[in-house]
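Asks: Kindly generate the corresponding structure for this input.
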Amino acid sequence: MTEVTVLKNIEDFVTGITAKSGTIFPVDIRMSPSNDIKVFIDADDGITIEKCSLINKALYKYIEETELFPGGNFSLEVSSPGLEEPLKSIRQYKKNIGRNVEVVTLDGAKTEGKLLNVNDHEITIEERIGKGKKAIVNTKNILFNEIKHTIVLIIF
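Replies: You can find the predicted model right below:
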């Protein structure tokens with residue numbers, strides 16, 4: 001089996017098993033040439049170690065039973081994407097409504113602000129320009145096809 005076929009089988013299995021949960025969804029699946037598989041999942045109600053463990057056990061069993069890697073030469077890691085990873089799906093954007101984000105567009109422009117709204121085509125950000133009473137609050141719509149990446153900001 002080619003690497004592409006193996007990855008497609010894994011993606012299909014993960015998509016199927018997460019769909020059964022109703023709240024868990026796949027974010028990204030990566031496989032190295034040495035068969036190190038990393039599956040990133042998220043959930044509408046937050047991802048937990050228990051949810052990751054359930055997906056890991058089911059996927060591991062599937063890989064073993066279908067002999068995707070003859071001889072069992074693979075490693076598997078299932079986790080949340082982490083805060084440093086950019087948002088990849090509309091579902092992730094929707095989950096983060098109300099949080100502060102940094103959006104970098106294809107032209108390199110950066111916008112920081114509160115994620116107010118998400119639809120199938122664009123996001124709406126409330127950005128504050130300046131500080132204190134003199135700050136200007138601006139609402140900005142950004143089309144998905146203009147976004148290079150978006151990360152959630154942690155404000156302390």
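Asks: Let me see the ranges of the strands in the chain.
Replies: Shown for the chain, the strands assigned by DSSP state E span residues 24-31, 36-43, 75-79, 100-105, 110-118, 122-129, 136-143, 147-152.
Asks: List the contacts of the fifth one.
Replies: This means strand 110-118. 90, 93-94, 96-105, 123-128, 139-140, 142, 153 (Cβ atoms under 8 Å, 6 or more residues apart in numbering). The C-beta positions use only the backbone N, C-alpha and C, and glycine is treated the same way.
Asks: Buried only: go through these for me.
Replies: In terms of neighbour count (16 or more other Cβ atoms under 10 Å), the buried residues within the contacts of strand 110-118 are 93, 96, 100, 101, 103, 123, 124, 125, 127, 142.
Asks: and which of the residues you listed is nearest to residue 43?
Replies: Of all these, the one sitting nearest residue 43 is residue 96; the distance, using Cβ to Cβ, is 12.6 Å.
Asks: so what's that closest one up against?
Replies: Taking Cβ under 8 Å, 6+ apart, one finds 87, 115, 152 in contact with residue 96.
Asks: Pop out the phi and psi values for it.
Replies: Residue 96 adopts backbone torsions of phi -100, psi 10, taken as degrees, to the nearest 10.
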